[in-house]
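Novice: Pasted the sequence and its predicted model underneath.
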Amino acid sequence: MSATLIYNPSVDACIQVCNSLLRGEHAAVETFDQAIERYVGHPESVTLIRMRDEHRCNAEKLRRSVIQLGGEPADGSGAWGVVARSVATFAGWFGERPAIAALQEGEAYGIGEYEAALDHPDVTPDCKSLIYTELLPRLREHLRDLHAIAA
């Protein structure tokens, strides 16, 4: 007897939400890479590198969640990456402060996306736990650290 896959719209919706968050994490990594280039030799670069690496960690955790749900993880930043790179590039033309402001906006947007995922009825309890206990607190910490850099 062959195994039959049963379509579950709730799981599919959860996979879509997680993949959207995953694309956002990929976009964050790309944006932080650009900001790090701007801050080479500055003490702030250490903090920016840590934040970028934490976004990579977030992306890996989301990728594993999508696989556990039976989905195919997004492997790029998609449209969010194009927007993030454009904003970061534009901000970079005008100096370090606008680059940090662009990162702050990105983190604030990401926080909103994670909060929306927590309210989504089809996001599984395991995914909500990951978001609530690990992913969202990191972004909130990033925002605090970016405010400190901008001060």
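Specialist: Great, that's in hand.
Novice: Just give the nearest non-adjacent residue to Glu134, would you?
Specialist: Using C-beta to C-beta, 6 or more residues apart in numbering and skipping residues adjacent in sequence, the residue nearest Glu134 is Lys61, 6.8 Å away. C-betas here are computed from N, CA, C, even on glycine.
Novice: Regarding the one you found, which helix or strand does it belong to?
Specialist: Lys61 belongs to helix 44-68 when assigned by DSSP states H and E.
Novice: try Val123
Specialist: With DSSP H and E as the test, Val123 turns up in no helix or strand.
Novice: got a list of what it touches?
Specialist: Ala13, Cys14, Val17, Cys18, Ala117, Ile131 (C-beta atoms under 8 Å, 6 or more residues apart in numbering).
Novice: Need phi/psi at the most centrally placed residue in the chain.
Specialist: Using C-alpha atoms, centre = their mean, the residue of the chain that lies closest to the mean C-alpha position is Glu25, 2.4 Å off. The phi and psi torsions at Glu25 (degrees, to the nearest 10) take the values phi -70, psi -40.
Novice: hang on, it packs against His55?
Specialist: Yes - using C-beta atoms under 8 Å, Glu25 is in contact with His55, at 5.2 Å.
Novice: quick revisit: from Glu25, how far out is the residue nearest to Glu134?
Specialist: Lys61 sits 9 Å away from Glu25, going by C-beta to C-beta, to the nearest Å.
Novice: Also Asn19?
Specialist: Distance, Asn19 to Glu25, using C-beta to C-beta: 10 Å.
Novice: so where's the protein shaky on pLDDT?
Specialist: Along the chain, segments meeting pLDDT under 70 span 1-7, 78-96.
Novice: let's go with 90 and repeat that
Specialist: For the chain, the stretches with pLDDT under 90 are 1-10, 31, 33-40, 42, 75-102, 151.
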